[in-house]
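*Asks:* Next input, structure requested:
(2 chains)
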Amino acid sequence: MNEGIRYSKKIMDLFLHPKNVGELKDADGVGKVGSAVCGDVMVIYIKVAEQAGKKIIMDTKFKTFGCAAAIASSSMLTEMVKGKTLEEAEKLTWKDIEKALDGLPLVKTHCAVLAIDALKAAIKDYKQKLKGEKE
Amino acid sequence: MRRIYLDNAATTHVAKEVLEAMMPYFSEKFGNASSLHSFGRETRDAVENSREKISKKLNAKEHKIIFTSGGTEANNLALKGVAFANREKGKHIITTKIEHDCVLNACKWLEKNGFEVTYLNVDKEGFIDLNELENAIRNDTIIVSIMHANNEIGTIADLKAVGEICKAKGVYFHSDTCQSFCKVPIDLKSFPVDLLTINAHKIYGPKGVGALVIGEGVKIDPLLHGGGHELGLRSGTENVPGIVGFAKAIDVIKEKDIEHMKRLSDKLIEGFSAIEESWLNGPKGDKRLCNNVNFTFRFIEGESLLLYLDSKGIAASTGSACSTRAVEPSHVLTAIGLSAADAHGSLRFSVGKDNTEDEIKYVIDVVKESVESLRKISPLTKK
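*Replies:* Okay, the predicted model is just below:
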């Protein structure tokens, strides 16, 4: 722990001025991961629409309790998936977030992992809801 | 940008007069204090005069002052040194759950080496129960180590009462006084303390120097073996500029500075108390260290608040430690009964003698705004 933590400028910018903060009242999928006990809770909201036979993430929002890296990771994730198809979004990994943030300190990589988990949970939630509607 | 330093419990700046006192001992008076020639004699005199001055400050005529590289080394020397020198008497050590990591980790290491350690509980303000202490002392107990003022929440333990119990039971009493030294009176003539840790960089002295004050007749082994410096208890060429700076630093904090720090701390406490779902950790009043303010701001995480404040030029501290998988909540805050989530949302502000009322007003405003901004991002906020 005593090595100290240095964040990239990108992380600090996003942390201090996060994008897509909030909730989507009419979200098609919601993913909540982490626990307050461990110091990180992330909630990702997605709005999905079909265009030319493809399911596209039209809007995303997030709310995060956590450190600067957790907030920046969730903000970056919402920016990265907006306008992507579900298939494209599902291919994202924590490494993509890490890269987009110009790197994460080693002890903070779990924040990017958590953001991906939150997205996966939101997509799963969307798919389950869709299945429920069809049945 | 305006910069406001409120992390004086982590370290202080070196006071101008301290630096001036140290300067001649780098290039001009550089002799090894163990050398017999005039170069050595002048630094030996400086070391011994410093020792004498610190001894007077503590009213510790009967004690030895052993200079070390700081508080961590002095605490390690006290615990490991006494434990190993008294193995024939027993293998039991008593400490508390809210000690500094250097005490707790030294104890954990001793546990791996055949010693048994009892970690005393504390109440919601950070005080131990004296009856619990008394009952914990066994026939094979060698040493009790209880800090004077807690570094995270500022709780001041009753050294005299603890010392008297230890004396009556015939066990050594060690106290880490790194946070309280020069802020709370310590008189070794009336406090029965066998071993006392002090250091310089919390009192406007240099980093890298501290001391273990050892009572007469205490059986203790050294950690560092070598040329037999410091009565054989801490070999290694003396850090003469550091020791001279340490002795100079003990005069820096005046009574009026203590009152000033107390006033500023109370203002911070009052200002932060107006923030919803927030509270002060540790006691109020004169059982609290004059410069410590530890606050929980629920629903937000401490590191993010710290960095938010940092972006506005304000320096504070969290007690949490980040590990690879999760953030470990402060062991002190969890010991006083905070949930892990609330412990994560806590910050320590430690004022210094040079902070101003104007700075404190600015800090209160910025903290209010920052807590509000972060709560907007937090999914835990009740709304």
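*Asks:* got any ranges where chain A has weak pLDDT?
*Replies:* Across chain A, the ranges flagged by pLDDT under 70 are A:1-4, A:135.
*Asks:* What's the local residue count around the residue of the stretch 101-250 of chain B found nearest chain A?
*Replies:* For the stretch 101-250 of chain B, the nearest residue to chain A under the criterion CB to the nearest CB is B:D101, separated by 9.6 Å. (Each C-beta comes from the backbone N, C-alpha and C, glycine too.) Using other CB atoms under 10 Å in any protein chain shown as the criterion, B:D101 is surrounded by 15 other residues.
*Asks:* For it, list the residues it contacts.
*Replies:* For B:D101, no residue meets the contact criterion (CB atoms under 8 Å, 6 or more residues apart in numbering or on different chains).
*Asks:* likewise B:L212?
*Replies:* When contacts are taken as CB under 8 Å, 6+ apart, B:L212 is in contact with B:I65, B:I66, B:T68, B:A74, B:L77, B:A78, B:L195, B:L196, B:T197, B:L233, B:R234.
*Asks:* where along the stretch 51-200 of chain B do the strands fall?
*Replies:* B:64-68, B:92-96, B:116-120, B:141-145, B:172-176, B:195-199 (DSSP state E, counting those that start in this stretch).
*Asks:* Quick one: closest of those strands to B:D187.
*Replies:* strand B:195-199 (11.1 Å; CB to CB).
*Asks:* Partner strands of the closest one, with direction?
*Replies:* For strand B:195-199, the pairing partners within the sheet under DSSP bridges are strand B:172-176 (parallel), strand B:210-214 (antiparallel).
*Asks:* can you tell which of these is closest to B:Y5?
*Replies:* Closest to B:Y5 of these, according to CB to CB: strand B:210-214, at 21.6 Å.
*Asks:* and after that closest one, which helix or strand comes next?
*Replies:* Secondary structure here is assigned by DSSP states H and E; on that basis, the next helix or strand after strand B:210-214 toward the C-terminus is helix B:240-249.
*Asks:* Check the offset of that next one from the chain's centre.
*Replies:* Per CA atoms, centre = their mean, to the nearest Å, the displacement of helix B:240-249 from the mean C-alpha position of its chain is 18 Å.
*Asks:* where does chain B have low pLDDT?
*Replies:* Filtered on pLDDT under 70, chain B yields the residue ranges B:320-327, B:382-383.
*Asks:* Return the residues of chain A in contact with chain B.
*Replies:* Remark: the part of chain A in contact with chain B comprises A:1, A:5, A:7, A:12, A:15-16, A:18, A:21, A:32, A:36-43, A:63-68, A:70-71, A:106-110, using CB under 8 Å from any CB of the partner chain.
*Asks:* Count the residues that sit near B:R2.
*Replies:* B:R2: 8 surrounding residues under other CB under 10 Å.
*Asks:* Could you find the closest non-adjacent residue to it?
*Replies:* Across the structure, with CB to CB, 6 or more residues apart in numbering or on different chains as the measure, the residue nearest B:R2 apart from its sequence neighbours is B:G313 (4.9 Å).
*Asks:* Also B:V162?
*Replies:* Spatially, and ignoring its direct neighbours in sequence, B:V162 is nearest to B:I146 (5.4 Å; CB to CB, 6+ apart).
*Asks:* number of nearby residues for that neighbour?
*Replies:* For B:I146, the tally of surrounding residues (other CB under 10 Å) stands at 24.
*Asks:* that older thread, so which of the residues of chain A next to chain B are in helices?
*Replies:* In helices, judged by DSSP state H, the following of the residues of chain A next to chain B are found: A:M12, A:F15, A:L16, A:A68, A:A70, A:I71, A:T109, A:H110.
*Asks:* quick one, strands of chain A?
*Replies:* A:29-35, A:40-51, A:54-65 (DSSP state E).
*Asks:* Does B:G302 touch B:T318 like I think?
*Replies:* Yes. B:G302 is in contact with B:T318 according to CB atoms under 8 Å; the separation is 3.8 Å.
*Asks:* what residues are shared contacts of the two?
*Replies:* Jointly contacting B:G302 and B:T318 under the rule CB under 8 Å, 6+ apart are B:S346, B:L347.
*Asks:* Which residues are in contact with residue 35?
*Replies:* If you meant another chain, say so; for now it's chain A. When contacts are counted by CB under 8 Å, 6+ apart, A:S35 touches A:V41.
*Asks:* Not quite, go with chain B.
*Replies:* Applying CB under 8 Å, 6+ apart, one finds that B:S35 lies in contact with B:R41.
*Asks:* that older thread, could I get the strands of the stretch 51-200 of chain B as JSON lines with mean neighbour count?
*Replies:* Compiled in JSON lines, the strands of the stretch 51-200 of chain B are given as follows (neighbours: other CB atoms under 10 Å in any protein chain shown):
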{"stretch": "strand B:64-68", "mean neighbour count": "24"}
{"stretch": "strand B:92-96", "mean neighbour count": "24"}
{"stretch": "strand B:116-120", "mean neighbour count": "17"}
{"stretch": "strand B:141-145", "mean neighbour count": "24"}
{"stretch": "strand B:172-176", "mean neighbour count": "27"}
{"stretch": "strand B:195-199", "mean neighbour count": "29"}
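*Asks:* Next up, phi/psi of residue 23, please.
*Replies:* Just so you know, I chose chain A. As for A:E23, its main-chain torsions (degrees, to the nearest 10) stand at phi -120, psi 150.
*Asks:* right idea, wrong chain: chain B
*Replies:* Taking degrees, to the nearest 10, you get phi -50, psi -50 for the backbone angles of B:M23.
*Asks:* hang on, the earlier thing: of all the contacts of B:L212, which two lie farthest apart?
*Replies:* The most widely separated members of these are B:L196 and B:R234, with 15.1 Å between them, by CB to CB.
*Asks:* List the beta-bridge partners for A:F65.
*Replies:* Following DSSP bridges, A:F65 is listed with bridge partners A:V41.
*Asks:* didn't it look like it was pressed against B:F299?
*Replies:* Yes. Using CB under 8 Å, A:F65 is in contact with B:F299, at 6.6 Å.
*Asks:* tally of neighbours for A:A112?
*Replies:* Residue crowding around A:A112 was assessed by other CB under 10 Å; the count is 26.
*Asks:* ugh, typo on my part, it should be B:N139
*Replies:* Should you count by other CB under 10 Å, B:N139 turns out to have 10 residues around it.
*Asks:* and if you look at B:D286?
*Replies:* Other residues within reach of B:D286 by the criterion other CB under 10 Å amount to 10.
*Asks:* and it, that one's in a helix?
*Replies:* Yes. The assignment for B:D286 by DSSP: H, G, I helix; E, B strand; the rest coil puts it in a helix.
*Asks:* who's in contact with the closest residue to B:G227 other than its chain neighbours?
*Replies:* Taking CB to CB, 6+ apart, and ignoring the residues beside it in sequence, B:G227 has B:S235 as its nearest neighbour in space, at 5.1 Å. For B:S235, the contacting residues are B:P222, B:L224, B:H225, B:G226, B:G227, B:G228, B:H229, taking CB under 8 Å, 6+ apart as the criterion.
*Asks:* can you tell me how far B:S235 sits from B:V244?
*Replies:* In this structure, B:S235 and B:V244 are 20 Å apart, going by CB to CB, to the nearest Å.
*Asks:* same thing with B:D7?
*Replies:* Computed as CB to CB, the B:D7 to B:V244 distance reads 26 Å.
*Asks:* Between these two, which has more neighbouring residues?
*Replies:* Just comparing B:D7 and B:V244: by other CB under 10 Å the higher neighbour count belongs to B:V244, 26 against 18.
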